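Colleague: structure for the following, please:
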Amino acid sequence: MTGLPAAEIATLALLAVAILDPRGGGLVAGLWRRSRGWACPVARGLAPPVGFRLASVVVVLLLVASLAMAVIAGRAQIRPIEMAIAVLLGLALALLSLIDLRQFRLPDRLTLTLLVAGLLQGPEPLAALLAAIACGLAPYLLSQIVARITGREGMGAGDAKLMAAMGAWLDIPATAFAVAAAALAGIACTLVLARIRERPARLLRLPFGPFLCAAFWLAWITFR
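Modeller: Now for the predicted structure:
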């Protein structure tokens, strides 16, 4: 990443807001309020011990990943601010995944914050904006056309906004690769779950957001 320091600092600030903002389902805010009925959207509907364990596991895994990245960064001479952005991006995407798994939705406060952060962190904001529009709008329109023809539910607006954010952070080819990888992973997971539960795959309802989030983060780490 070759963005200006000011843009990188702004990116860090936006990612921190996305993670901490309680109105957007901030993970840290939800953990802080766990003794008050779990108001955080991530944990709503879960018993406090279960929700706390779930969120704690995610946080621990991300901390371990962050430590590993710190070691890699030291050896590869990656700037600390780049590593910090990667860690916060991973936290924000983990939060989105948890919300989508629990509520089958991707909040605008998170997806649009990621989109703006993506526009700031790159060296060419205009190119990032065009990539965001293409990566968000084209799949959504295609999905709606297919949905009208087949009569099945199309892509959600939240997924399209997340893809737009991916386009801003990555570029069109990397986003296309990440979306294809996410789709294949989603199909494979659906087939495995259908086999385990002995139910037709078409009857399983599995959110696409977590697969997009995982592919997003891995693609950014790989192709940046």
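Colleague: can you pull out the helices in the protein?
Modeller: Secondary structure of the chain (DSSP state H): helices at 5-20, 27-32, 48-76, 80-103, 108-121, 125-150, 157-169, 172-197, 209-223.
Colleague: weakest of those helices by average pLDDT?
Modeller: Looking over those, mean pLDDT reaches its minimum on helix 27-32, with a mean of 46.
Colleague: wait, Leu204 touches Cys189, no?
Modeller: No: applying CB atoms under 8 Å, one finds Leu204 not in contact with Cys189, separated by 9.3 Å. Placement of C-beta: from N, CA and C, glycine included.
Colleague: what about stretch 151-165, start to end distance?
Modeller: 28 Å (CA to CA, to the nearest Å).
Colleague: contact partners for Ala128?
Modeller: By CB atoms under 8 Å, 6 or more residues apart in numbering, Ala128 lies in contact with Gly118, Leu119, Gly122, Gly167, Ala168, Trp169.
Colleague: look up how far Thr11 lies from it.
Modeller: 12 Å (CB to CB, to the nearest Å).
Colleague: now swap in Thr113 and tell me
Modeller: 10 Å.
Colleague: out of those two, which sits in the busier spot?
Modeller: Neighbour comparison, Thr113 and Thr11: the larger count goes to Thr11, with 25 against 21 (by other CB atoms under 10 Å).
Colleague: could you double-check that the more buried one lies in contact with Leu119?
Modeller: No: in this structure Thr11 lies outside contact range of Leu119 using CB under 8 Å: 9.3 Å.
Colleague: what sits against the residue lying closest to Ala183 once chain neighbours are set aside?
Modeller: Spatial nearest neighbour of Ala183, excluding adjacent residues (CB to CB, 6 or more residues apart in numbering): Phe211 at 7.4 Å. Taking CB under 8 Å, 6+ apart as the criterion, Phe211 is in contact with Ala182, Ala183, Ala185, Gly186, Cys189.
Colleague: do the same with Glu8
Modeller: Taking CB under 8 Å, 6+ apart, one finds Met1, Ile81, Glu82, Ile85, Gln121 in contact with Glu8.
Colleague: and these, which is closest to Thr222?
Modeller: Comparing the contacts of Glu8 against Thr222 with CB to CB places Met1 closest, at 13.1 Å.
Colleague: and the closest one, what's its pLDDT?
Modeller: 47.
Colleague: can you tell me how far the spatially closest residue to Cys189 that is not a sequence neighbour is from Ala131?
Modeller: Sequence neighbours aside, Leu206 is the residue nearest to Cys189 in space, at 6.6 Å (criterion: CB to CB, 6+ apart). Shown here: Leu206 relative to Ala131, a distance of 27 Å by CB to CB.
Colleague: these two - which one has more neighbours?
Modeller: Legend: neighbour count by other CB under 10 Å for Leu206 and Ala131, higher for Ala131 (25 against 17).
Colleague: could you check how far the more buried one is from Leu95?
Modeller: 24 Å.
Colleague: and Pro173, by the same measure?
Modeller: Relative to Leu95, Pro173 is positioned 27 Å away (CB to CB).
Colleague: tell me which of the two has more neighbours.
Modeller: Leu95 (27 against 10).
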